[in-house]
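A.B. asks: Provided below for reference: sequence and predicted model.
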Amino acid sequence: MTMYMQKLLKQLRSKHKLSQEQVAIAIGVSRPTYSAIEAGIQKLNTEEVQKLANLYAVGVDDLLSGHIPDITKYKQMILTYLRMGLSIDGKIPKTKLAKLLYLADFAWFYDHTQSMSGMQYRKIEYGPVPDTFFRALDELEEDGKIEVDRKTDEKERTMFLIKEAESNSNEKITTLSCGEVKLMKEIGKKWKDKKTKDIVNFTHNQLPYALCRQEEIIPYTLIIQEDPDKVF
């Protein structure tokens, strides 16, 4: 266990106002054993890591990395793209939206050695995406901030089209800097008239995606090796 994970476990326990005894009971170990875990003396097994992730409602990968991404900021990144008028009806295909968010995070890292949201992107068949992407969309829809139009094509494939709910148009974007919004607008402008398959092919051919194995977390540092004109 890394020192970052040790620090995170203490922060999460404090944030949730739990004692070591309470956490120990939740994951099925004794208090002395959990105390040793926080001290970095005792290792966690896979089941215990999953129980801790469930207890704190965070991703396993985030817990293991010792860094929790900013989901509030990530949601506002989603809303920012939805407000750019990237389509006539204001709807963006879910897959395209996921790629725009990825490009924003990795392009920001390229220039600033840190991502906008801190999300960890996983290599899956349709491109790089954080596990939290789906949770963020579900929560935004449940809160009435976005609308999801579900359509089925002739091959019985479901397409998800995302747009901001009119009732949410007055929400202020408070978590993004002017520089971050400017970069997102540049990315949005470049891909506005492109099809989803075009941006999928682009991200698949980038070094970060190409160099990783399926289901592997994609290191941000790989984008630094990319040619400047291929960052987004």
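C.D. replies: Received the coordinates, thanks. Residues are numbered from 1 along each chain as shown.
A.B. asks: Lowest mean pLDDT among the helices and strands, pick that one out for the chain.
C.D. replies: Least confident helix or strand of the chain, by mean pLDDT, DSSP states H and E, is helix 60-65 with a mean of 81.
A.B. asks: Extract the C-alpha set from the longest helix seen in the chain and format it as CSV.
C.D. replies: Identified as the longest helix of the chain according to DSSP state H is helix 94-112. Provided in CSV are the C-alpha atoms of helix 94-112 (Å, rounded to 0.1, in the frame of the first residue of the first chain):
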residue,chain,number,x,y,z
LYS,A,94,-22.8,9.8,-25.0
THR,A,95,-19.7,8.3,-26.6
LYS,A,96,-18.7,11.5,-28.2
LEU,A,97,-19.2,13.4,-24.9
ALA,A,98,-17.0,10.9,-23.2
LYS,A,99,-14.2,11.5,-25.7
LEU,A,100,-14.5,15.2,-25.4
LEU,A,101,-14.0,15.0,-21.7
TYR,A,102,-11.0,12.7,-22.1
LEU,A,103,-9.4,15.1,-24.5
ALA,A,104,-9.9,18.0,-22.1
ASP,A,105,-8.3,16.1,-19.2
PHE,A,106,-5.4,14.9,-21.2
ALA,A,107,-4.8,18.1,-23.1
TRP,A,108,-4.8,20.0,-19.9
PHE,A,109,-2.2,17.6,-18.5
TYR,A,110,-0.1,18.0,-21.6
ASP,A,111,0.3,21.7,-20.8
HIS,A,112,0.1,21.7,-17.0
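A.B. asks: Could you name the helices and strands sitting against it?
C.D. replies: Contact partners of helix 94-112 among helices and strands, from 3 or more C-beta pairs under 8 Å, 6 or more residues apart in numbering; DSSP states H and E: helix 71-82, strand 121-124, strand 127-130, helix 132-142, strand 158-164, helix 178-191, helix 196-205. In this view, the C-beta of every residue, glycine as well, is placed from N, C-alpha and C.
A.B. asks: quick revisit: of all the residues in the least confident helix or strand of the chain, which ones are buried?
C.D. replies: Buried residues in helix 60-65, counted by 16 or more other C-beta atoms under 10 Å: 61-65.
A.B. asks: how about JSON lines for the residues you listed, with distance to Lys230 added?
C.D. replies: What follows is the buried residues of helix 60-65, written out as JSON lines (distance: C-beta to C-beta, whole Å):
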{"residue": "Asp61", "distance to Lys230": "26"}
{"residue": "Asp62", "distance to Lys230": "28"}
{"residue": "Leu63", "distance to Lys230": "32"}
{"residue": "Leu64", "distance to Lys230": "30"}
{"residue": "Ser65", "distance to Lys230": "26"}
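A.B. asks: ok so, going back, so what does the least confident helix or strand of the chain touch, helix or strand wise?
C.D. replies: Under the contact criterion of 3+ C-beta pairs under 8 Å, 6+ apart, helix 60-65 touches helix 3-15, helix 46-56.
A.B. asks: So which residues make contact with the shortest one?
C.D. replies: Applying C-beta atoms under 8 Å, 6 or more residues apart in numbering, the external contacts of helix 46-56 come out as 9, 12, 16, 23, 26-29, 37, 44, 59-60, 62-64.
A.B. asks: nearest to Lys94, of these?
C.D. replies: Closest to Lys94 out of the contacts of helix 46-56 is Gly59 (19.2 Å), distances taken as C-beta to C-beta.
A.B. asks: my read: that closest one touches Phe133, true?
C.D. replies: No. Judged on C-beta atoms under 8 Å, Gly59 makes no contact with Phe133 at a distance of 11.0 Å.
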